[in-house]
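[1] Below are the sequence and a predicted model for it; my questions follow.
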Amino acid sequence: MAGAALYARLMILGLRTLWADAVGTRSLDLQVSPGPLALGALGGVAAALLAIALTLRGLRGRSPRGLLAGAPEEWVPPARVGGRGAAMALAGGAALLLGTSAAGRFSATAGFFGAGSLLLAASLAAAWAWLAGRRGAGDAVHGLAGLGFRSASYRPGRSVVCVALVAFAAFVIVAVGAFRHPGAPDVAARDSESGGYRLFARSLLPLHHDPATPEGRTALDLPEDALEGVRLSRFRMRAGQDASCLNPYRPDSPTLLAPSPAFRDEARFAFQSSLAATPEDAANPWRLLDRDSPGGAIPVIADAGSLEYVLHKAVGDTMTLGGTGVRLRFVAALRPGLFQGELLMGERDFLKAFPEEEGFRFFLIEASAERAPAVTEALESRLADFGFDVSDTASRLAAYHRVEDTYISTFQTLGGLGLLLGTVGLGTVLLRNAFEQRKELALLRAVGYRERDVSTMVVAENLFLLLLGLGAGTVSALVAIGPALRERGGQLPLLALAALLLAVVLTGLAVSRLAVAAIQRLPVLASLRSE
């Protein structure tokens, strides 16, 4: 319990220091509740008692002489091993979930994640069945590495527990790490995070004239060629609280934006979910802002990430705007992107609910990379009296990505802790197996095998179990995050994931060397005499 509290305190300390710029605040404190802490402690004790009970149950049929001699349990023939049937059943369940999810009969996210979890369980069951079957096999063994692989089947239960620890940790690391943002955001495509807009702008004072029209440019004293080759979308705005991941608090009065009808008809940005009931609305969920909602609630659209993790709402839910009594209903959710900090409302409803908010104060600007600096200079200099401030969308998206990647890093530390436990468990199993097999190892030394040969066998056994766990966890995680990968165009932070997995392999090899050093200290002569 003290270790858990210390780990959490170190995590908060990291968020307040190393990751403070990404999180956006240093006002984070650890709150330890006795109830959950006690529940976790009881769960740990219960798991330990269950493991002890199962172990004692397995030893119940052993003879006293066998227990005193430390002899392994009797070999179970492969025909009686139930792992093969369990593996096939679990794999069948995974395939069923994948099929129903791909056909649209089940939530893709839940279905694929469930399939990945079942596939992980099937992999472990198959590993147990294979190791248990290999234990009694009489086929030839090739090379020292083959002897090491065969040694993994000496205690299949122990080996599979180690594989499971590594596999579960690898599953967490890969599944969570895959959501890292691999590079610079795409600001060109209309269905991307930026909607195809390279720049966005805010003004302190409202603009009543449209800079995109000749009349508007004349009224605003803008050069005629200031916006040449540029598309500009205007939004009415009611300033409020930031609803993005940059705000660590839950807002009750988020900033509201009302796009013009022209923006709505362009069908920009990609949606994650909506309440669309017609093919037309499904093709362009922006149209839902003009629909009437039951109960008089005003339809709004929110960023999917902000909706779930900041506002703690879902599509179809309602909320009351703080201090106004205005009821909002979420009719669609955008894929995470540029609108993380705001809610979007139809212009008609906005003017009816907030008649005091005049003009336009938020703007999205589509410009080429070559024209962007000149457009920024022209707008900020000529519209300085309005407090016009232009920023590039890539910087805003990068700020969001830094926060998300920071929280992903904190979750990955949990997976790293699991991998550390798994590799330590591997070393423990190697030492225990070596102690129980000290007579066999001593015999190998006596008939001419060198210390280096025995070391090769031990390292091969450890590496085999380690790679088996990493492979099972990684493949299962990739299946689990299939829908997310598809939404992101199949992009994965391969270099970061490969570095993590390589670090795990190197740690496992280091543990193997420690086990080898301990094995080399075993007394050969005494082990042979005790035979």
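    Received, thanks.

[2] Show me how the record splits the chain into domains.
    84-184+400-529, 199-399 (automatic domain parsing).

[3] any chance of the ones you listed in CSV, with mean neighbour count, mean pLDDT and distance to Met11 too?
    Bear in mind the C-beta positions are built from the backbone N, C-alpha and C, glycine included. What follows is the domains of the chain, written out as CSV (neighbours: other CB atoms under 10 Å; pLDDT from 0 to 100; distance: least, CB to CB, whole Å):
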stretch, mean neighbour count, mean pLDDT, distance to Met11
domain 84-184+400-529, 18, 76, 6
domain 199-399, 18, 90, 15
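
[4] so which of these gets nearest Gln31?
    domain 199-399 (13.7 Å; CB to CB).

[5] Kindly check the end-to-end length of the closest one for me.
    Across domain 199-399, the terminal residues are separated by 15 Å (CA to CA, to the nearest Å).

[6] Show me what the single longest helix found in the chain packs onto, helices and strands only.
    The single longest helix within the chain, with elements called by DSSP state H, is helix 393-436. Using 3 or more CB pairs under 8 Å, 6 or more residues apart in numbering; DSSP states H and E, the elements in contact with helix 393-436 are helix 2-16, helix 20-23, helix 156-177, strand 199-207, helix 451-480, helix 494-520.

[7] Out of the ones you listed, the one nearest Leu119 is which?
    Closest approach to Leu119 among those is made by helix 451-480 (4.6 Å; CB to CB).

[8] Hey, what's the angle from the closest one to helix 156-177? Just curious.
    Relative orientation of helix 451-480 and helix 156-177, computed by axes from the mean of the first three to the mean of the last three CA atoms, to 10 degrees: 50 degrees.

[9] residues making contact with the helix or strand Ala94 falls within?
    Assigned by DSSP states H and E, Ala94 belongs to helix 83-102. Here helix 83-102 makes contact (CB atoms under 8 Å, 6 or more residues apart in numbering) with 78, 106-108, 110-112, 114-116, 118-119, 121-123, 125-130, 132, 479, 483.

[10] Surely Ser244 and Ser306 touch.
    Yes. With contacts counted by CB atoms under 8 Å, Ser244 reaches Ser306, the gap being 5.9 Å.

[11] which neighbours do those two share?
    340-341.

[12] circling back: could you export the helix holding Ala94 as PDB, CA atoms only?
    Once non-C-alpha atoms are left out, helix 83-102 reads as follows in PDB (Å, rounded to 0.1, in the frame of the first residue of the first chain):
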ATOM      1  CA  GLY A  83      -5.400 -25.900 -23.100                       C
ATOM      2  CA  ARG A  84      -5.800 -26.800 -26.800                       C
ATOM      3  CA  GLY A  85      -9.600 -26.900 -26.600                       C
ATOM      4  CA  ALA A  86      -9.600 -23.700 -24.600                       C
ATOM      5  CA  ALA A  87      -7.300 -22.000 -27.100                       C
ATOM      6  CA  MET A  88      -9.600 -23.000 -30.000                       C
ATOM      7  CA  ALA A  89     -12.700 -21.800 -28.200                       C
ATOM      8  CA  LEU A  90     -11.200 -18.500 -27.300                       C
ATOM      9  CA  ALA A  91      -9.800 -18.000 -30.900                       C
ATOM     10  CA  GLY A  92     -13.300 -18.800 -32.200                       C
ATOM     11  CA  GLY A  93     -14.800 -16.200 -29.900                       C
ATOM     12  CA  ALA A  94     -12.300 -13.600 -31.100                       C
ATOM     13  CA  ALA A  95     -13.100 -14.400 -34.800                       C
ATOM     14  CA  LEU A  96     -16.800 -14.100 -34.000                       C
ATOM     15  CA  LEU A  97     -16.400 -10.700 -32.400                       C
ATOM     16  CA  LEU A  98     -14.200  -9.500 -35.300                       C
ATOM     17  CA  GLY A  99     -16.800 -10.700 -37.800                       C
ATOM     18  CA  THR A 100     -19.800  -9.100 -36.100                       C
ATOM     19  CA  SER A 101     -17.900  -5.800 -35.600                       C
ATOM     20  CA  ALA A 102     -16.700  -5.700 -39.200                       C
END
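
[13] Could I get the contacting residues of Thr376?
    199, 390.

[14] Could I get the phi/psi values of Ala374?
    Phi and psi for Ala374, reported as degrees, to the nearest 10, are phi -70, psi -40.

[15] Then Leu37?
    phi -60, psi -40.

[16] Can you tell me, leaving aside adjacent residues, what's nearest to it?
    Once flanking residues are discounted, Leu37 sits nearest to Met1: 5.6 Å by CB to CB, 6 or more residues apart in numbering.

[17] didn't that neighbour look like it was pressed against Leu39?
    No. At 10.9 Å, Met1 and Leu39 do not qualify as touching, with contact defined as CB under 8 Å.

[18] Enumerate every residue touching the most centrally placed residue in the chain.
    Nearest to the geometric centre of the chain sits Val176, at 2.3 Å (CA atoms, centre = their mean). Applying CB under 8 Å, 6+ apart to Val176 gives the contacts 408, 411-412, 415.

[19] gap between Leu15 and Val516?
    Look at Leu15 and Val516: by CB to CB, to the nearest Å, they are 40 Å apart.

[20] let me redo that: Val32
    Using CB to CB, Val32 is found at 41 Å from Val516.

[21] cool, Leu338 as well?
    Distance of Leu338 to Val516, given as CB to CB: 55 Å.

[22] same check, this time on Ala91
    The gap separating Ala91 from Val516 is 36 Å, by CB to CB.

[23] For stretch 4-16, which residues meet the burial criterion?
    Neighbour counts over stretch 4-16 (16 or more other CB atoms under 10 Å) mark 11, 14-15 as buried.

[24] okay if I get those as JSON lines plus pLDDT and distance to Pro214?
    Shown next, in JSON lines, are the buried residues of stretch 4-16 (pLDDT from 0 to 100; distance: CB to CB, whole Å):
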{"residue": "Met11", "pLDDT": "76", "distance to Pro214": "57"}
{"residue": "Gly14", "pLDDT": "75", "distance to Pro214": "55"}
{"residue": "Leu15", "pLDDT": "74", "distance to Pro214": "51"}
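
[25] so which of those comes closest to Asp252?
    Leu15 (23.9 Å).

[26] surely that closest one meets Thr410?
    Yes. Assessed by CB under 8 Å, Leu15 is found in contact with Thr410 at 7.2 Å.

[27] Export the helices and strands packed on helix 393-436 as JSON lines, with columns for distance to Val424.
    Shown next, in JSON lines, are the helices and strands packed on helix 393-436 (distance: least, CB to CB, whole Å):
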{"stretch": "helix 2-16", "distance to Val424": "15"}
{"stretch": "helix 20-23", "distance to Val424": "31"}
{"stretch": "helix 156-177", "distance to Val424": "9"}
{"stretch": "strand 199-207", "distance to Val424": "50"}
{"stretch": "helix 451-480", "distance to Val424": "12"}
{"stretch": "helix 494-520", "distance to Val424": "7"}
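
[28] right, so of these, which gets closest to Ala283?
    Taking CB to CB, strand 199-207 is the member of the helices and strands packed on helix 393-436 nearest to Ala283, at 25.2 Å.

[29] so how far is the closest one off the chain centroid?
    When distances are taken as CA atoms, centre = their mean, to the nearest Å, strand 199-207 is centred 35 Å away from the chain's centroid.
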